[in-house]
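Trainee: return a 3D structure for these sequence lines:
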Amino acid sequence: MVFGSFDLLHPGHVWFVENAKKRGGELIAVVARDSSIERLKGRKPLFSEGERLHLVGALRAVDKAVLGGSKDFHAVVRRWKPQVVVLGYDQSADVNALKKTGAQVVRLRAFKPRRHKSSLLKKRLRKNG
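Mentor: Alright, predicted model coming up:
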């Protein structure tokens, strides 16, 4: 299982899900709700949760794409009971709480973070109009 906003899908996201897929059988990608992004990042996503869900679900490595909970981050983990939860290098998560669900927690390294990080890509887009 992986989690993310997956707003402005880019090669770093693809690398993330492909490498997560290597750590287990079926890969479930949990897409953050619009309200969660607004609360955590202080801004609205560029694409709606439905659009992001569709894009992530179209990735070859993703077996199932689901929307996350709007308030309880761990509800989706309890529902699907993944054996492995894969986190990105920059994701903040309560690792101890995730481990209490019975899942192994793995954190991946960054994939070209100076080039393929969503916030940097969005800045470049704003700058280039």
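Trainee: helices along the protein, start to end?
Mentor: 11-21, 34-41, 49-57, 75-80, 95-100, 118-128 (DSSP state H).
Trainee: what does the fifth one contact?
Mentor: Surrounding helix 95-100, the residues in contact under the criterion CB atoms under 8 Å, 6 or more residues apart in numbering are 74, 77, 85, 87, 105. Yep, even glycine has a C-beta here, placed from its N, CA and C like the rest.
Trainee: kindly recompute the last result at 7 Å.
Mentor: Outside helix 95-100, the residues that touch it by CB atoms under 7 Å, 6 or more residues apart in numbering are 74, 77, 85, 105.
Trainee: need those in a markdown table with neighbour count, distance to L67 and pLDDT, can you?
Mentor: Shown next, in a markdown table, are the contacts of helix 95-100 (neighbours: other CB atoms under 10 Å; distance: CB to CB, whole Å; pLDDT from 0 to 100):
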| residue | neighbour count | distance to L67 | pLDDT |
| --- | --- | --- | --- |
| H74 | 16 | 15 | 87 |
| V77 | 23 | 14 | 93 |
| V85 | 25 | 17 | 95 |
| V105 | 16 | 21 | 93 |
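Trainee: which one of the residues you listed sits closest to D63?
Mentor: V85 (15.1 Å; CB to CB).
Trainee: please tell me how far the closest one sits from L40.
Mentor: 18 Å (CB to CB, to the nearest Å).
Trainee: same deal with A110?
Mentor: 20 Å.
Trainee: flag the shaky bits of the protein, pLDDT-wise.
Mentor: 111-129 (pLDDT under 70).
Trainee: what do you get if the cut-off is 90, keeping everything else the same?
Mentor: 8-12, 24-25, 40-41, 43, 70-74, 88-99, 108-129 (pLDDT under 90).
Trainee: go ahead and flag the most central residue of it.
Mentor: By CA atoms, centre = their mean, the chain has its centre lying nearest to G4, at 1.8 Å.
Trainee: and it, bridged to which residues?
Mentor: V31 (DSSP bridges).
Trainee: which ones are touching it?
Mentor: Contacts of G4 (CB under 7 Å, 6+ apart): 13, 31-32, 88.
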